[in-house]
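Novice: sequence first, then the predicted structure, then my questions.
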Amino acid sequence: GEDVEQSLFLSVREGDSSVINCTYTDSSSTYLYWYKQEPGAGLQLLTYIFSNMDMKQDQRLTVLLNKKDKHLSLRIADTQTGDSAIYFCADSDSNYQLIWGAGTKLIIKP
Amino acid sequence: DAGVTQSPTHLIKTRGQHVTLRCSPISGHKSVSWYQQVLGQGPQFIFQYYEKEERGRGNFPDRFSARQFPNYSSELNVNALLLGDSALYLCASSLIGNEQFFGPGTRLTVL
């Protein structure tokens, strides 16, 4: 079946940029998503990108998509302690059924 | 506007029992999806409904079933509970399926 992979942890210093990476296998992906999950909370949709785009910017967030390499990244500028969370990458097929990575835990060092 | 609501928040059941989880989507949203999230993992797709019709089903046994009502709310039913069914069950709503907004989830513990 289709698969989405992410590294499990990322540690950055407060104020630096964080870059979270994701690879996927589905060649028919229509949308790719980034969600944020804080401890004990549900999933918050951060941003998403249509598969025919290569970049999307939304305030501190920049999404880059390399469709040829099936690689998606999320850059968070000026990372703050409130950005500590688990970040999930997900891709959807034409029926909008999401396939998820295992999540990357973002750790902020003071 | 109210977000996606789910009930109950927490539930404890014993093996072999049956459970019903409920979800109310954002007003105006016609699609509801259900996901299972085991601790430490990403969510797994269970079902998707759009306009009261099942649009997709993930790789879950027939013990799992769902339905969507005329008001677009949805129920997820799990029969013959197993210990491995212990998880956070998440409901997501969307207009047509692309932007999915999640509820807080129902934490199911099977003893």
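Specialist: Good, I have the coordinates.

Novice: okay, now the unreliable bits of chain A?
Specialist: Applying pLDDT under 70 to chain A picks out no residues at all.

Novice: what does it have sitting close to chain B?
Specialist: By the rule C-beta under 8 Å from any C-beta of the partner chain, the part of chain A lying against chain B is A:1, A:4, A:30-31, A:33, A:35, A:41-45, A:48, A:88, A:90, A:92, A:95-103. From N, CA and C alone the C-beta is placed, and that goes for glycine too.

Novice: what's the helix or strand for the residue most central in space within chain B?
Specialist: For chain B, the residue whose C-alpha lies nearest the mean C-alpha position (C-alpha atoms, centre = their mean) is B:W34; its distance is 3.5 Å. Using DSSP states H and E, B:W34 maps to strand B:31-37.

Novice: what are the pairing partners of that strand, and which direction each?
Specialist: Here strand B:31-37 has these sheet partners by DSSP bridges: strand B:44-50 (antiparallel), strand B:87-94 (antiparallel).

Novice: quick one, which of these gets closest to B:G28.
Specialist: Closest to B:G28 of the strands paired with strand B:31-37, according to C-beta to C-beta: strand B:87-94, at 9.2 Å.

Novice: show me the contact partners of the next helix or strand after that closest one.
Specialist: Downstream of strand B:87-94, the first helix or strand assigned by DSSP H and E is strand B:101-102. The contact list for strand B:101-102 (C-beta atoms under 8 Å, 6 or more residues apart in numbering or on different chains) reads A:35, A:42-45, B:3-4, B:26, B:29, B:90-94.

Novice: same check on stretch A:60-70?
Specialist: By C-beta under 8 Å, 6+ apart, the list of residues contacting stretch A:60-70 reads A:23-27, A:32, A:34, A:46-49, A:51, A:53-57, A:71-78.

Novice: could you give the number of residues near B:F102?
Specialist: Using other C-beta atoms under 10 Å in any protein chain shown, B:F102 has 22 neighbouring residues.

Novice: kindly report the same for A:I107.
Specialist: 12.

Novice: ok, A:K56 next?
Specialist: A:K56 has 15 nearby residues by other C-beta under 10 Å.

Novice: I'd like the distance between it and chain B.
Specialist: 13 Å (C-beta to the nearest C-beta, to the nearest Å).

Novice: the host helix or strand of A:L72: how far from the chain's middle?
Specialist: Assigned by DSSP H and E, A:L72 belongs to strand A:71-76. Relative to the mean C-alpha coordinate of its chain, strand A:71-76 is positioned 6 Å out (C-alpha atoms, centre = their mean, to the nearest Å).

Novice: pull that strand out as PDB, backbone CA atoms only.
Specialist: Presented in PDB, the C-alpha positions along strand A:71-76 are these (Å, rounded to 0.1, in the frame of the first residue of the first chain):
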ATOM      1  CA  HIS A  71       9.300  15.000  -1.100                       C
ATOM      2  CA  LEU A  72       7.400  17.500   1.000                       C
ATOM      3  CA  SER A  73       8.800  19.900   3.600                       C
ATOM      4  CA  LEU A  74       7.500  22.300   6.100                       C
ATOM      5  CA  ARG A  75       9.600  25.300   7.200                       C
ATOM      6  CA  ILE A  76       8.700  27.200  10.300                       C
END
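
Novice: partner strands of it, parallel or antiparallel?
Specialist: According to DSSP bridges, strand A:71-76 has the following sheet partners: strand A:18-24 (antiparallel), strand A:61-66 (antiparallel).
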